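[1] curious how this folds, go ahead:
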Amino acid sequence: MVFAWQQVNKAQKLTKLERAASDALRQFEFGNNQIDALISAVKTGKELKATVKNVRSLADYPISTPQIALNQILNNIREQNRLGHQASLNSVSFSPDGKYIATASADNTARLWDVTGKLIQEFKGHQNALNSVSFSPDGKYIATASYDNTARLWKIKNLDEMLVQGCDRLRDYLQNNAGETDRHLCDDISDRPQYSHQ
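    The predicted structure is shown next:
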């Protein structure tokens, strides 16, 4: 009984993925937003891969529309640089929670975006074009690979870390400028753990 229910559930998921892939292809062919169509096709492909585990060959998947849609979009896409890189994109990765996108570009940078296209963080340091980007399973790091024969691991900063970094840079200025009205702006921000005394 449980096995039959699992099979029905899987069949329903596959039907949903077939529809989503068809919608992505229609969006690409008849819409004016190629990047969104590509994003939809990639998400559908990832969902298919997660639904049908341990399949190595395209021919072994129970449905083909997601692969066909993704392939057609990749072969015909013309929209570029929507996310603001100075050169072509070579790799894109969604965060495990689906809230962020990491891009790797021929402009030697990787960038972190929210799903609306707002730039969150830029990663610089490679000496040549990047060819790959990927999130860690916990979403706290981004790994990049470059044609400069290096791979780098980047920590995605959170607000607390950015405040510490900003205050580290401001601390001397604030202390040495007696007239500064924001002199105590960073007094409660430290990179050292805060302990409460009881």
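
[2] what stretches of this structure score poorly on pLDDT?
    Scanning the chain for pLDDT under 70 picks out 55-60, 79-83, 158-160, 178, 180, 190-198.

[3] how many other residues sit next to the spatially closest residue to Asn128 that is not a sequence neighbour?
    Closest residue to Asn128 apart from its sequence neighbours, by C-beta to C-beta, 6 or more residues apart in numbering: Asp148 at 3.8 Å. Using the backbone N, CA and C atoms, a C-beta is placed for each residue, glycine as well. When neighbours are counted by other C-beta atoms under 10 Å, Asp148 registers 15.

[4] ok, which stretches of this structure are strands?
    Counting by DSSP state E, the chain has strands at residues 89-94, 100-105, 109-114, 119-124, 130-135, 141-146, 151-155.

[5] deepest in the core, which of these is it.
    strand 100-105 (a mean of 24; mean count of other C-beta atoms under 10 Å).

[6] give me the distance from that one to the chain's centre.
    Centre-to-centre, strand 100-105 and its host chain are 5 Å apart (C-alpha atoms, centre = their mean, to the nearest Å).

[7] who are the packing partners of that strand?
    strand 89-94, strand 109-114, strand 130-135, strand 141-146 (3 or more C-beta pairs under 8 Å, 6 or more residues apart in numbering; DSSP states H and E).

[8] helices or strands up against the longest helix along the chain?
    As assigned by DSSP state H, the longest helix anywhere in the chain is helix 2-30. If you count contacts as 3+ C-beta pairs under 8 Å, 6+ apart, helix 2-30 packs onto helix 34-51, helix 65-76.

[9] contacts for the longest one?
    Contacts of helix 34-51 from elsewhere in the structure, counted by C-beta atoms under 8 Å, 6 or more residues apart in numbering, are 10, 13-14, 17, 20-21, 23-25, 27-28, 31, 55, 61, 63, 66-67, 69-70, 73-74, 77-79, 82-83, 92, 94, 98, 101.

[10] quick check: angle from it to helix 2-30?
    Angle, helix 34-51 to helix 2-30, by axes from the mean of the first three to the mean of the last three C-alpha atoms, to 10 degrees: 160 degrees.

[11] start the count at 8, not 1, going forward
    Renumbered: residue one is now 8, and that last one reads helix 41-58.

[12] buried ones in helix 41-58?
    For helix 41-58, the neighbour count (16 or more other C-beta atoms under 10 Å) marks 41-52, 54-55, 58 as buried.

[13] tell me which of those is nearest to Asn184?
    Ile42 (46.0 Å; C-beta to C-beta).

[14] any idea how far that closest one is from Lys50?
    To Lys50, Ile42 is 13 Å away according to C-beta to C-beta, to the nearest Å.

[15] for Gly173, same thing?
    In terms of C-beta to C-beta, Gly173 sits 35 Å off from Lys50.
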